[in-house]
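[1] Here is my input, please return the structure:
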Amino acid sequence: GATAPLQAHRIHVPVITHEKVSFQSCPRLEKRHNGRGSDLDVTEPDDCVTLPMQEGMVFELNNRVLHRVLNEGDSERVQLVIDVGEVPRPPRRIKKGSTCNYKRGAIVCDEADAFSEYLVDW
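    Reported below is the predicted structural model:
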């Protein structure tokens, strides 16, 4: 969601990666586009900074800066993304195998997938 980076720190952990995965942060490109648009037309050599991807490496990325991930290999990549909020929210239990979505800074699960009780009584 658009509000998530303003309210949380986004932690990235490459779980499965390979040498043909390139994670790039593009602050210069953002300045040229005034932070608007999703077209990451990299034309200058210094538009983006490439972050090395190694399995188990942990890093925080400012998601307000334009960024992209290129997978130019034949195998998939898996990356765990963790949002750590500045203000704690009550935990919620969900059933194993549930599918949840990230919408407007909140995790939204189908009611059939969520248990009604909370882990902690806030």
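[2] Tell me who's in contact with the most centrally placed residue in the chain.
    Residue closest to the average C-alpha location in the chain (CA atoms, centre = their mean): Val81, at 4.8 Å. By CB atoms under 8 Å, 6 or more residues apart in numbering, Val81 lies in contact with Arg10, Ile11, His12, Val13. (C-beta placed from N, C-alpha, C; glycine too.)
[3] Each with direction, which strands does the host helix or strand of it pair with?
    Secondary structure assigned from DSSP states H and E places Val81 in strand 78-85. Strand 78-85 sits in its sheet next to strand 8-16 (antiparallel), going by DSSP bridges.
[4] Tell me which helix or strand comes right after the partner strand.
    Next element after strand 8-16 (DSSP H and E): strand 21-25.
[5] At which residues are the helices of this protein located?
    Along the chain, counting by DSSP state H, helices occupy 4-7, 27-32.
[6] mean pLDDT for these: which is lowest?
    Lowest mean pLDDT within the helices of the chain: helix 4-7, at a mean of 54.
[7] ok so, going back, might you calculate how far the strand holding Val81 sits from the centre of the chain?
    6 Å (CA atoms, centre = their mean, to the nearest Å).
[8] so how far is Val13 from the residue nearest to the centre of the chain?
    8 Å (CB to CB, to the nearest Å).
[9] Likewise for Ile82?
    Distance of Ile82 to Val13, given as CB to CB: 7 Å.
[10] Repeat that for Pro88.
    21 Å.
[11] for Gln24, same thing?
    18 Å.
[12] quick one: low-confidence ranges for the protein?
    Residues of the chain that meet the criterion pLDDT under 70 lie in 1-8, 30-43, 105, 111-122.
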